[in-house]
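K.L.:
Got a predicted structure here, sequence first:
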Amino acid sequence: MEDIAVIGIVINSMPYKEKDKLIHIFTVELGKITATLKGVSSPKAKLKFAGQPFCFGKFELSPSGEFYVVKGVELIDSFYDLTADYAKFSLASLMLEACSIILKPNIISESLFICLIKSLQNLVYNGLNEYIIVLKFLITIFELIGYGLNFNVCDNCGMRFMGDIKFDRESGTFRCSACSGGIKISARDFMNIKLISTTDYDKLSTLKLQNDSIKTGIKLMIQNLSHKLNVKFKSIDVELL
Ligand SMILES: [Zn+2]
């Protein structure tokens, strides 16, 4: 088979054989793929940088057995500044992990890819609140996998929301106080999650919200995603939330 060029970002990497690395790349064209980086464990290897998560670029791949072999990488961005800020790095890792979790083989999602890159750029270059960025990203994921949240009516009885609102972990939906199930969430947290959900990526910088409320939203979304897809997130540091 012929070599192919794809746009992608490295999700994670692990040592492989004696001097190689195995990387997962989220690509626009092929979804999530596994590829080997040959000889990159030696200090002077040319493609060493491609063994780092967040390496975003144009990858030249050669199909080989069950994996691809990376022949070359034209770097677009390494998002290097993330490494200088522990909180930002952890939250960015959480976004990569969320992509990895929902990208089953052969699932191709250019919209998810664009959201991820926009979120990383907002995080590294645009000085936006990192918790708002991550919550927006997680909410977008639910929309993309067909579980978009409904902020207007109770998912159970269809009544418009008034008064207390609950979040039902089993179904991953908001409910009114009259319906059974769910844990109560504050009106402020609910409004903040809704606000982030309805604000465009390009307008997120206009939001001024309190971190503790956004963190509650992130926790809710992570629990919801973990429950829906039956997975545990590894990258999230609970101290940050
Ligand atoms: Zn209801």
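P.N.:
Looks like it arrived, so ask away.

K.L.:
so what does the lengthiest helix in the chain touch, helix or strand wise?
P.N.:
When the chain is parsed with DSSP state H, its longest helix is helix 211-229. Using 3 or more C-beta pairs under 8 Å, 6 or more residues apart in numbering; DSSP states H and E, the elements in contact with helix 211-229 are helix 86-102, helix 130-144, helix 187-198. Quick note: C-beta positions are derived from backbone N, CA and C, even for glycine.

K.L.:
Could you find the closest non-adjacent residue to the residue nearest to the spatial centre of the chain?
P.N.:
Nearest residue to the geometric centre of the chain (C-alpha atoms, centre = their mean): residue 95, 2.5 Å. In space, and not counting its chain neighbours, residue 95 is closest to residue 137: 5.3 Å by C-beta to C-beta, 6 or more residues apart in numbering.

K.L.:
So that neighbour sits against residue 116, correct?
P.N.:
Yes: the pair residue 137 and residue 116 passes the contact test of C-beta atoms under 8 Å, sitting 7.2 Å apart.

K.L.:
Any chance you could list residues touching both of those two?
P.N.:
Jointly contacting residue 137 and residue 116 under the rule C-beta atoms under 8 Å, 6 or more residues apart in numbering are residue 95.

K.L.:
the more surrounded of the two?
P.N.:
A count of neighbours by other C-beta atoms under 10 Å puts residue 137 above the other of residue 137 and residue 116, at 27 against 23.

K.L.:
separation between that one and residue 28?
P.N.:
17 Å (C-beta to C-beta, to the nearest Å).

K.L.:
now do residue 149
P.N.:
26 Å.

K.L.:
residues from the chain in reach of the ion?
P.N.:
Proximity of the chain to the ion, by C-beta under 5 Å from the ion, involves residues 154, 156-157, 176, 179.

K.L.:
cutoff 6 Å now
P.N.:
Residues of the chain lying close to the ion (C-beta under 6 Å from the ion) are 154, 156-157, 159, 175-176, 178-179.

K.L.:
Output the below-cut-off pLDDT ranges for the chain.
P.N.:
Within the chain, the segments meeting pLDDT under 70 span 237-239.

K.L.:
where along it do the strands fall?
P.N.:
4-16, 20-27, 31-37, 56-64, 67-77, 165-168, 173-176, 183-185 (DSSP state E).

K.L.:
Which one, of these, ends up nearest to residue 131?
P.N.:
In terms of C-beta to C-beta, the element of these nearest to residue 131 is strand 183-185, at 16.3 Å.

K.L.:
Return the members of the residues of the chain next to the ion classed as buried.
P.N.:
By neighbour count, with 16 or more other C-beta atoms under 10 Å, these hold 154, 156, 175-176 as buried.

K.L.:
what's the most distant pair in those?
P.N.:
156 and 176 (7.5 Å).

K.L.:
Could you list the domains of this structure?
P.N.:
Split into domains by automatic domain parsing, the chain comes to 4-77, 82-240.
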